[in-house]
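Peer 1: Here is a sequence together with a model predicted from it:
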Amino acid sequence: KMKDSGIEWIGEIPEGWETINPKALFAQRKDRASKGERQLTSSQQYGILYQDEYMELTGSKVVTVEKDFDILKHVETGDFVISMRSFQGGLEYSTKSGAISSAYVMLVPNLELVYPHFYRWLLKSSVYIDALQRTTNMVRDGQAMRYSNFAQVRLFTLPLDEQKSRADFLDLECSSIDKILFKTRSSIEEYKKLKQAVITQAVTEGTPAMFSSPHSVKLKYLISIVSGEAIRNEQLSDFGEYPVYGGGEIIGFCSQYNTSEGSLIIGRVGARCGCVTHTTCKSWATDNALIVLPTCNAKYMYYVIGHCQLNNLNTSNAQPLITSTKIKNVVVPYFSDAMQQQEIADYLDAKCAKIDGLIAKKEQLVKELESYKKSLIYEVVTGKREV
């Protein structure tokens with residue numbers, strides 16, 4: 001039987017469960033780190049890792065404290081950690097001891113009431129994260145998430161043996177889902193590689209029906225490039241006459257345009273640096289993009305430039321960035337005959353459409369599995385589903 005928990009984010013819970021003040025389940029650890037402790041970092045994807053392990057795994061760099069070691073806090077194996085990104089990804093469980101940023105908060109579980117593995121699932125569930133977000137305005141002002149934020153989200157307790165059975169159930173079920181997700185995502189990457197290989201072969205060798213070869217030429221002889229222009233947020237809308245491209249993806253609509261139909265847009269900075277888009281209508285490109293005007297068949301040039309993988313031109317150590325000068329100096333294979341250009345464009349349109357269709361089906365499966373996993377975790381950790 002179920003009863004109303006009286007807590008909005010939880011809803012109904014089984015009759016044998018009781019809501020409880022979070023402070024009764026988790027105390028705050030305030031220990032300072034000792035000199036020589038290995039330094040840790042918190043990651044939403046990988047959890048709590050030693051900094052050297054994290055850098056080796058991700059290739060990213062993290063700041064290591066060399067002086068004033070006493071500003072760091074101590075983490076003990078079995079602690080839960082509130083990080084600066086917990087409002088996005090929930091709380092992390094640490095399987096390691098060491099030193100961590102003073103901006104983080106360590107929670108010590110009361111093992112008389114807490115089976116840690118159950119709360120690992122609960123404190124990273126989407127519904128808990130939503131509730132945690134409502135305790136802070138840190139998205140706006142950058143404040144640190146504190147123990148007081150955690151204490152505002154009322155939790156619940158249930159028998160330890162039931163906590164264990166629910167945690168074990170989620171381990172098994174989510175492991176199966178994750179295996180399918182891994183295979184599906186790997187399949188998507190293989191299809192993307194296949195698409196790139198098909199494009200490369202066509203722009204460097206022509207279609208199977210062609211018997212001529214391209215010659216090499218720098219892009220500056222085939223295109224002109226102008227920078228996109230800034231746009232104010234109040235000019236953007238969800239609907240409108242002209243799509244607005246921010247580095248290559250549509251971010252809204254506006255009443256102006258700065259590209260003609262059939263232009264190419266290349267992401268200049270940020271996550272979409274080097275991404276190439278072929279516009280089918282007049283549009284607006286922001287200052288995060290470069291507008292490319294081909295002197296030949298635009299769709300053919302879209303594939304030629306796409307073959308170049310322009311993101312490799314990025315040399316910035318901070319935010320990814322490419323310049324028009326670098327793009328113009330790229331040497332590309334080029335079929336100068338207009339009929340051959342059209343033949344290649346048509347051939348690749350057909351081939352890529354089939355591959356894109358397969359990718360879309362796989363991506364839809366990923367969305368469905370992620371949604372199912374999310375709802376499964378919610379139902380199990382809040383008692384909506386028997387296990």
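Peer 2: Structure's in. What do you need?
Peer 1: quick one: buried residues of stretch 184-191?
Peer 2: Buried positions in stretch 184-191, judged by neighbour count with 16 or more other C-beta atoms under 10 Å: Thr184, Ser187, Ile188, Tyr191. Heads up, the C-betas are built off the backbone N, CA and C, glycines and all.
Peer 1: as a whole number, average confidence for that stretch?
Peer 2: In this model, stretch 184-191 carries a mean pLDDT of 97.
Peer 1: what about Glu189, which SS state?
Peer 2: What DSSP: H, G, I helix; E, B strand; the rest coil gives for Glu189 is helix.
Peer 1: what about it, distance to Lys362?
Peer 2: In this view, Glu189 and Lys362 are 10 Å apart by C-beta to C-beta, to the nearest Å.
Peer 1: for Asp349, same thing?
Peer 2: Taken as C-beta to C-beta, the span from Asp349 to Lys362 is 21 Å.
Peer 1: ditto for Lys164
Peer 2: From Lys164 to Lys362 the distance is 35 Å (C-beta to C-beta).
Peer 1: Then Ile7?
Peer 2: Here Ile7 is placed at a distance of 38 Å from Lys362 (C-beta to C-beta).
Peer 1: Kindly report the same for Gln196.
Peer 2: Taking C-beta to C-beta, one finds Gln196 at 16 Å from Lys362.
Peer 1: of Ile7 and Lys362, who's got more company?
Peer 2: The neighbour comparison of Ile7 against Lys362 (other C-beta atoms under 10 Å) goes to Lys362, with 18 against 15.
Peer 1: Kindly confirm my reading that the more buried one forms part of a helix.
Peer 2: Yes: under three-state DSSP, Lys362 sits within a helix.
Peer 1: So it sits against Lys183, correct?
Peer 2: No: Lys362 is beyond contact range of Lys183, at 9.7 Å (criterion: C-beta atoms under 8 Å).
Peer 1: Find residues that contact each of these two.
Peer 2: Among the neighbours of Lys362, none is also in contact with Lys183 (C-beta atoms under 8 Å, 6 or more residues apart in numbering).
Peer 1: and the closest residue to Arg185 other than its chain neighbours, how many neighbours does it have?
Peer 2: Using C-beta to C-beta, 6 or more residues apart in numbering and skipping residues adjacent in sequence, the residue nearest Arg185 is Val366, 6.5 Å away. Per other C-beta under 10 Å, the neighbour tally for Val366 reads 15.
Peer 1: same thing with Asn233?
Peer 2: 6.
Peer 1: any low-confidence regions in this structure?
Peer 2: For the chain, the stretches with pLDDT under 70 are 66-68, 137-144, 314-318.
Peer 1: And the helices in it?
Peer 2: For the chain, the helices defined by DSSP state H cover 22-25, 51-58, 86-89, 116-122, 126-133, 138-141, 147-152, 160-205, 298-307, 324-328, 338-381.
Peer 1: Same list (these) but as JSON lines, adding distance to Leu40.
Peer 2: Shown next, in JSON lines, are the helices of the chain (distance: least, C-beta to C-beta, whole Å):
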{"stretch": "helix 22-25", "distance to Leu40": "23"}
{"stretch": "helix 51-58", "distance to Leu40": "7"}
{"stretch": "helix 86-89", "distance to Leu40": "15"}
{"stretch": "helix 116-122", "distance to Leu40": "17"}
{"stretch": "helix 126-133", "distance to Leu40": "21"}
{"stretch": "helix 138-141", "distance to Leu40": "21"}
{"stretch": "helix 147-152", "distance to Leu40": "19"}
{"stretch": "helix 160-205", "distance to Leu40": "24"}
{"stretch": "helix 298-307", "distance to Leu40": "41"}
{"stretch": "helix 324-328", "distance to Leu40": "39"}
{"stretch": "helix 338-381", "distance to Leu40": "25"}
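Peer 1: okay, those, which one's buried deepest?
Peer 2: Of the helices of the chain, the one with the most neighbours on average (mean count of other C-beta atoms under 10 Å) is helix 298-307, at a mean of 23.
Peer 1: Done for today, thanks.
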